[in-house]
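Engineer: Below are the sequence and a predicted model for it; my questions follow.
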Amino acid sequence: MTNSWLEKVVVCLCVGLLGACAPERDGVGGTIPAPAPPTPGVSLPEVGDYEAVPLAACKVRPKGSTTAECGSLESFDLSGCDSKSLLGLRTEGFFNMRMHRSDIVENELAATLRPGDFTVDRGASAAHPMFRRSTNTYSDGRVAVVAQVGCSARGTDVVTGCELTCINGVESRSFTFEGTRIRRRAGEGESGGELPLVGEAATGPGMATDVYVTKGHAYVVSLDDVFAGDGGLYVFDIKDRKAPRLVATVRHASENYWNSVWAKDDALYIASGDRGILVFDISQPANPRFVRDLSNGTRQNVHTVQVDGSRLYATLIDPTLETLIYDVKNPREPVLLGRYLDESVGSLKSMVHDTTSFEGRLYVNHWSAGMLILDPTDPANVKKVGAYKYPRASSHAARVGRINGNLTGFEGGEGWGAHLRVLDLADEKNPRLIGEYKLSPEVSIHNMELVGSRLYLAHYQHGVRVLDVSGPAKPVELAYYNTWRETDANRGTSPWDGAIGIRVPGDGYVYVVDTSRGLLIFPEVMYTDIPEDPNEL
């Protein structure tokens, strides 16, 4: 057998069935080298995602220190700025912005994200190369003026500045800001690491957000959006992955803010922004039939849904911030068993976003409260076992599994500087940070899927990222696909734009939802293991 090593040994680790090979995939996809043996994880320092400091050297002049009209260029102290550097800023395309309110030092959560665009006046007569203001009159007669001024540019793609809002000529609030132009990472093309696009299908109106795959169909939900239109449910026949076929569209006249989707047997669950959880009968997969909602006649904004065994977990963000637990032994007739409200949080800054369950524990991403670890054994009396909280957290999604036998968590936030954190969960009361994966601070992660030692990320404008986490202290990027294209419709309307939903259901494919493009299908990546010593065979 001394020559058999030339044939290469294919170790199939695909689609969650370790040791089982995926079905044929029409000749697409590829192989990547097997990972190096993992190294033990040591605790890393946790410093949070961003510093709670002003972002620019400009300032709003204090009240009483100037006679200038509120919102005029003279309202700002620009003595610390480098206005000439603004002339080198590239302004085409879109920017992601972070805004730090003037009280950011005292209130570290006084930060927000938003989309942005900028114009530079390079004329010699311009009073300032980057200054603009807008005026709006409210229905009650109040007049609002918003003024924005650039301070400095760092290179061609990053700008800092100040923004001031005045109501009836009096300062209402002010911010410093940093804007970064959205672009592909240096050296990247459309795809890398053998992750080709197999098939794609548009979803129509609405901002696509999530997908669930079952019964030979992909169920994609979308949100109402001022730019993209009404949301709804789109059902695709995926027998031919190269050409997914839209077979049904479902909308409700009263509301179509549908953010999340999951299924169990013949029941499909959709998280609704007004009616809690919507239950559909999918015994005929191409023809979903609405059965009921679980709102009990009250307005309920459910953000996400997730099923594990006979339990359905849902995150409620209005009117309260709770995790709901349902029995779904009869899938089309969920029964509410309990609800969990974390008493340590009480504002929308700590909205409950997502859940994942593993080995009897429920992990809840609770924004500034971090990732909660719950014991839901008794749904009427859920116990908080522990939490991983970090400074200025925006905990948004997680997956948990056994990596090399060790209980390991993967957590992602959605704020500026948010990135993937790898956690050792052996001591649930004191989770340890042992690894990180970072790209660029202006683009965060939305959702993720853990399949064996593969972690699949829906990484907004950075597209799809596939990581080898067999050495959890040092995640290794295996492949990527940049789904975000500047030319797509409705780009630049949100900092949370691009690859947003992802599923790896075990059929040899990865299903991704992009906010503008809709459904995209990719092959899973497989290991090719070539032993260093051919005699090992």
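Structural biologist: Received the coordinates, thanks.
Engineer: gap between the residue nearest to Gly229 when sequence neighbours are not counted and Ser222?
Structural biologist: Of all residues beyond its chain neighbours, the one nearest Gly229 is Pro205 (3.3 Å), with distances taken as CB to CB, 6 or more residues apart in numbering. For the C-beta atoms, the positions are set from N, CA and C on the backbone; glycine is no exception. Per CB to CB, to the nearest Å, Pro205 is found 7 Å from Ser222.
Engineer: Report the set of residues contacting both of the two.
Structural biologist: 228, 231-232 (CB atoms under 8 Å, 6 or more residues apart in numbering).
Engineer: so which of those residues is the most crowded?
Structural biologist: Counting neighbours by other CB atoms under 10 Å, Gly231 comes out on top of these with 27 neighbours.
Engineer: and it, what pLDDT?
Structural biologist: Here the pLDDT value assigned to Gly231 is 93.
Engineer: who are the neighbours in contact with it?
Structural biologist: So Gly231 contacts 205-207, 221-225, 251, 256-258 (CB under 8 Å, 6+ apart).
Engineer: count of residues packed around Thr132?
Structural biologist: For residue 132 the amino acid is Arg, not Thr. Count around Arg132 with other CB under 10 Å applied: 13.
Engineer: right, and it touches Gly161 too?
Structural biologist: No - with contacts counted by CB atoms under 8 Å, Arg132 stays clear of Gly161, the gap being 10.5 Å.
Engineer: Now for the two: what residues contact both?
Structural biologist: Gln148.
Engineer: shaky segments in the stretch 401-537 of the chain?
Structural biologist: 526-537 (pLDDT under 70).
Engineer: Could you say which helix or strand holds the residue nearest to Gly229?
Structural biologist: Of the helices and strands defined by DSSP states H and E, none includes Pro205.
Engineer: Pull the contacting residues for it.
Structural biologist: Pro205 is in contact with 222, 228-232, counting by CB under 8 Å, 6+ apart.
Engineer: Max pairwise distance over those: which two?
Structural biologist: Greatest spacing in these, by CB to CB: Ala228 and Gly232 (11.2 Å).
Engineer: okay, and the common contacts of those two?
Structural biologist: Joint contacts of Ala228 and Gly232 (CB under 8 Å, 6+ apart) are 205-206, 222.
Engineer: And the strands in the stretch 201-350 of the chain?
Structural biologist: With strands called from DSSP state E, counting those that start in this stretch, the stretch 201-350 of the chain shows them at 207-214, 217-223, 232-237, 245-250, 258-264, 267-272, 276-281, 289-293, 301-308, 311-318, 322-327, 335-340.
Engineer: What is the second one packed up against?
Structural biologist: With contacts defined as 3 or more CB pairs under 8 Å, 6 or more residues apart in numbering; DSSP states H and E, the secondary structure elements packing on strand 217-223 are strand 207-214, strand 232-237, strand 258-264, strand 267-272, strand 518-523.
Engineer: ok, now which ones touch Ala314?
Structural biologist: 271, 276-277, 302, 304-306, 323-324, 326.
Engineer: try it again with 6 Å
Structural biologist: Counting by CB atoms under 6 Å, 6 or more residues apart in numbering, Ala314 makes contact with 277, 302, 305, 324.
Engineer: Quick one: neighbours of the nearest residue to Phe358 once chain neighbours are set aside, just the number.
Structural biologist: Here the nearest residue to Phe358 in space, its sequence neighbours aside, is Val400; by CB to CB, 6+ apart that works out to 4.2 Å. Look at Val400: counted by other CB under 10 Å, it has 22 neighbours.
Engineer: got it, and Gly216?
Structural biologist: When neighbours are counted by other CB under 10 Å, Gly216 comes out with 12.
Engineer: do Arg181 as well
Structural biologist: If you count neighbours by other CB under 10 Å, Arg181 ends up with 21.
Engineer: Next: Leu324.
Structural biologist: 25.
Engineer: can you pull up the bridge partners for the nearest residue to it once chain neighbours are set aside?
Structural biologist: Spatially, and ignoring its direct neighbours in sequence, Leu324 is nearest to Ala314 (4.4 Å; CB to CB, 6+ apart). Note on Ala314: beta-bridge partners by DSSP bridges are Val305, Leu324.
Engineer: Could you pull up the residues touching the residue nearest the centre of the chain?
Structural biologist: The centroid of the chain falls nearest to His446 when counting by CA atoms, centre = their mean (1.3 Å). By CB under 6 Å, 6+ apart, the residues touching His446 are 458, 460, 500.
Engineer: One more: Leu324?
Structural biologist: 314, 316, 339.
Engineer: mind giving me CSV with the residues you listed and columns for distance to Gly297 and pLDDT?
Structural biologist: Below are those laid out as CSV (distance: CB to CB, whole Å; pLDDT from 0 to 100):
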residue, distance to Gly297, pLDDT
Ala314, 17, 98
Leu316, 15, 96
Arg339, 17, 97
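Engineer: quick check, nearest of those residues to Leu109?
Structural biologist: Leu316 (21.4 Å).
Engineer: Counting neighbours, what do you get for the nearest residue to that closest one once chain neighbours are set aside?
Structural biologist: Nearest residue to Leu316, sequence neighbours excluded (CB to CB, 6+ apart): Glu322, at 4.6 Å. Glu322 is flanked by 18 other residues according to other CB under 10 Å.
Engineer: and Glu322, what pLDDT?
Structural biologist: 95.
Engineer: Is it correct that it is in contact with His303?
Structural biologist: No - in this structure, Glu322 is not within contact of His303 by CB atoms under 6 Å, at 11.0 Å.
Engineer: any idea which helix or strand carries the residue lying closest to Ser394 once chain neighbours are set aside?
Structural biologist: Distances taken as CB to CB, 6+ apart place Gly415 nearest to Ser394, at 3.4 Å, with adjacent residues excluded. Using DSSP H and E, Gly415 maps to neither a helix nor a strand.
Engineer: So what's the residue count around Gly415?
Structural biologist: Neighbour tally, Gly415, other CB under 10 Å: 23.
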